[in-house]
Structure formats: structure tokens, C-alpha cells
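Chemist: The amino acid sequence is not available; the structure is as follows:
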């Protein structure tokens, strides 16, 4: 994946990945980075906060911003998520709007187009999940998209399979301004390990639980200490809204909590590349998704 910049000048800039929930934004960023940075689950609204991934090459530095889905907010947390996505779109040098090829019309509706009209920079459309759509449907989709918004380019891709990523990245790089790298070449993100540990635990909550419960849960890392023997000691609170939910997460004889902890610890070990002792505790904070103070305490701050 190399730049096609004929002038040979170095390019660097921020690129926002935007779209409705579950269109594949996080999967696309991970594919670009060739590193599993953003958490991914089959459930929509997995991403709650902006995540920066830094892709550095000899001729460019692409600062990729994974964002929460463009949704119709129903409570304060979702309002924060929408604000985070919109602010990122407004502040970036370019954007990649992503739609799912199997639900094209729904993903590129008037509301999404309205958000794109306020983008500060040019917008590329990535038609994702083409591995699930018929090839004959792609050209009509491209034609309809071109009539809906003046996209700089329209690129069919499969982020999961890796199809179309080279042309998409080249298109992104061409839109970046000329300039030096903004971060050291060995940096992958600007967020600390503590943030990603909390995200990994939340990912495994989403994978283990059903219905509404994952959306009513949050994770706060209360202690992250490297012990002299090289083990990372991590204590984290799983926040839920009702006492009845606590029993579901703990499970009979603690089996569900143990299952979540075991799978999360394994993933954290892989991420940190060192031994991990993980202590999970379940705590009740009534209606935390609707309370500004609780949201700030959990790291969901707005501008």
C-alpha cells in the first residue's frame, strides 16, 4: 500500500472513518494498520469513542480516526457518540464514508448525506462488504452514490477479506496535505494501554452477553500496575445500571464473569505481550448512560 503521489512530497493528515453503526469502520482501520487496534464485534454501536491509528510510510503518515456510528441518539451516551463522530468529521483533512453493500440505500440515506455535507475536507465513499453482494449490483450502487453526493472517489472494498484496500488507501493518500509526519514513526496510536485494556474487556462483554445488556454496561480500569515480576496487574469495574443485571453478568456460581474474564485476559496478554492478572468486579450505577457526571467519570467527555 504505497502512495501514488507523483511529486514525491511527503503527505500527512487526519482521515475520519464515518458511517452508520456496523458498516465496518473498525475492521477497515485494523486492516489498514495490519494490527487489531479497534475492538470489533458483530453487534452495532461497539465503538463508543474516537480511536486514532497511525499508519507511517516513507512517503506519508495517515492518521486514521475510527469513530462511533452515525445514529439517532436515544440517551446521553449516544448523544456523546454522535458528537464525537461529527466533531471528528469536521476536524479531519479528509473522510472515508463507509456503507455496507448489502444495505446500501439505508446506509447512504439523507441523514448521512447531511452529515457529509459538513465535512471540512473531501470525502471518499467505500462500499464495504462486497464479498456479500453480487458483482452486478456494484455499478448501479456506484452510479446512485455519485448522484447523491460529490464523492472524490468511490471504491468497492471488503475490509474483512482485504479486497480493494490498496486502491482505497492510495485514494486517501492523494487527498492528504503535503507536510511532515506529525507523530514518531514507531507510534501506532496516541492512546495509552489502559484505554485499550478497557476496550478489550468491553469487547468480550459484548461477545458474551445478549439483548440490551451489553449497551447498558461500561468498563473502567481502576488499577493498572506493572509488578516487579513482569506481570501487569489490572483491576477493572464492569458498570451496569440495575441490580438485576449484576446477577446476569456474574452468572450462576460466577461462571459468566469467569468466562468473560478468561477470554478478556487472553486477549489482553496478546495485546500487551506480557503476563496479566485480571480482577473484574461488577458495580451498579443506576442510569449511568443518561448522567453527565457518570459519563465523564467513565471517560466519555464532550467538547
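Modeler: Yes, it's here. Since the model is a prediction, treat every value here as computed from it, not as a measurement.
Chemist: buried set for stretch 17-35?
Modeler: 17-33 (16 or more other C-beta atoms under 10 Å). For the C-beta atoms, the positions are set from N, CA and C on the backbone; glycine is no exception.
Chemist: In helices, which of the residues you listed fall?
Modeler: 25-33 (DSSP state H).
Chemist: Out of those residues, the closest to residue 9 would be?
Modeler: For those, the residue nearest residue 9 by C-beta to C-beta is residue 32; the value is 21.3 Å.
Chemist: Which pLDDT value belongs to that closest one?
Modeler: Per-residue confidence (pLDDT) for residue 32: 97.
Chemist: quick one: contacts for it?
Modeler: 1, 53, 55, 62, 64, 165, 169 (C-beta atoms under 8 Å, 6 or more residues apart in numbering).
Chemist: and which of those residues is nearest to residue 234?
Modeler: For the contacts of residue 32, the nearest to residue 234 is residue 53 (22.8 Å; C-beta to C-beta).
Chemist: any idea how far residue 34 is from residue 46?
Modeler: As judged by C-beta to C-beta, to the nearest Å, residue 46 and residue 34 stand 20 Å apart.
Chemist: isn't residue 173 right up against residue 63?
Modeler: No: the criterion here is C-beta atoms under 8 Å, and residue 173 misses it with residue 63 at 11.7 Å.
Chemist: for stretch 177-184, how far is the first residue from the last?
Modeler: 18 Å (C-alpha to C-alpha, to the nearest Å).
Chemist: do stretch 174-182 as well
Modeler: End-to-end for stretch 174-182, by C-alpha to C-alpha: 17 Å.
Chemist: what do you get for stretch 36-56?
Modeler: 16 Å.
Chemist: Could you list the low-pLDDT ranges of the chain?
Modeler: 1-8, 302-303 (pLDDT under 70).
Chemist: quick one, helices of it?
Modeler: Under DSSP H, the chain gives helices at 25-33, 76-91, 104-107, 110-116, 138-148, 165-175, 193-208, 243-250, 255-272, 292-297.
Chemist: Make JSON lines out of those and add distance to residue 230.
Modeler: Output for the helices of the chain, formatted as JSON lines (distance: least, C-beta to C-beta, whole Å):
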{"stretch": "helix 25-33", "distance to residue 230": "26"}
{"stretch": "helix 76-91", "distance to residue 230": "35"}
{"stretch": "helix 104-107", "distance to residue 230": "46"}
{"stretch": "helix 110-116", "distance to residue 230": "46"}
{"stretch": "helix 138-148", "distance to residue 230": "51"}
{"stretch": "helix 165-175", "distance to residue 230": "36"}
{"stretch": "helix 193-208", "distance to residue 230": "14"}
{"stretch": "helix 243-250", "distance to residue 230": "30"}
{"stretch": "helix 255-272", "distance to residue 230": "10"}
{"stretch": "helix 292-297", "distance to residue 230": "31"}
